[in-house]
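This is the structure alone, sequence omitted:
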């Protein structure tokens, strides 16, 4: 830092001397010193702003809860693919048990918001029965809506359109 400051002051003095002779050298030195001080003042203010506690209010929502909700939806969708396969031999019993276990473990996560936890329990219960594909799709849709509502940037409009 001392080398940078010295070079800036020397450069300002030289530029002032080149532009205004012996009377310009002190002016160039002063301009360089003021520029260095201004740069340091900005750096200190930015550091203070970064360390200020008001930045904690900028982030709205809980990223861990949103991530857990997304993973719950992912686990339920993975379980749905093996609970209702496209062909009768599409998924083995071992794969069904494995995906069911993962879906239930994800749905029991501690950071999961309550509406997502309830919707996941209902969706997994419908898929455990394994009888009605339409009811399973509706339960997954309800889980997807619960996950979307717990997102930070969720916007809803009055015409039942969501983005």
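Now that the structure is in, tell me what you want to look at. The structure displayed is predicted, hence computed values, not measured ones.

Most distant residue from the centre of the chain?
residue 22 (57.8 Å; C-alpha atoms, centre = their mean).

before we move on, what SS does that residue have?
Look at residue 22: counting by DSSP: H, G, I helix; E, B strand; the rest coil, its state is helix.

so what pLDDT did it get?
On the pLDDT scale, residue 22 is placed at 76.

State the distance from it to residue 8.
Per C-beta to C-beta, to the nearest Å, residue 22 is found 20 Å from residue 8. For glycine as for every other residue, the C-beta is placed from the backbone atoms N, C-alpha and C.

quick one: low-confidence parts of this structure?
The model of the chain has pLDDT under 70 over residues 1, 50-62, 153-163.

Any figure for the gap between the residue positioned nearest the centre of it and residue 152?
Residue closest to the mean C-alpha point of the chain, counted by C-alpha atoms, centre = their mean, is residue 63 at 6.0 Å. Distance, residue 63 to residue 152, using C-beta to C-beta: 8 Å.

same question, residue 77
Distance of residue 77 to residue 152, computed by C-beta to C-beta: 22 Å.

for the closest residue in space to residue 19 that isn't next to it in sequence, what are its contacts?
Distances taken as C-beta to C-beta, 6 or more residues apart in numbering place residue 28 nearest to residue 19, at 7.3 Å, with adjacent residues excluded. Shown in contact with residue 28 (C-beta atoms under 8 Å, 6 or more residues apart in numbering): 12, 13, 14, 15, 16, 17, 19, 20.
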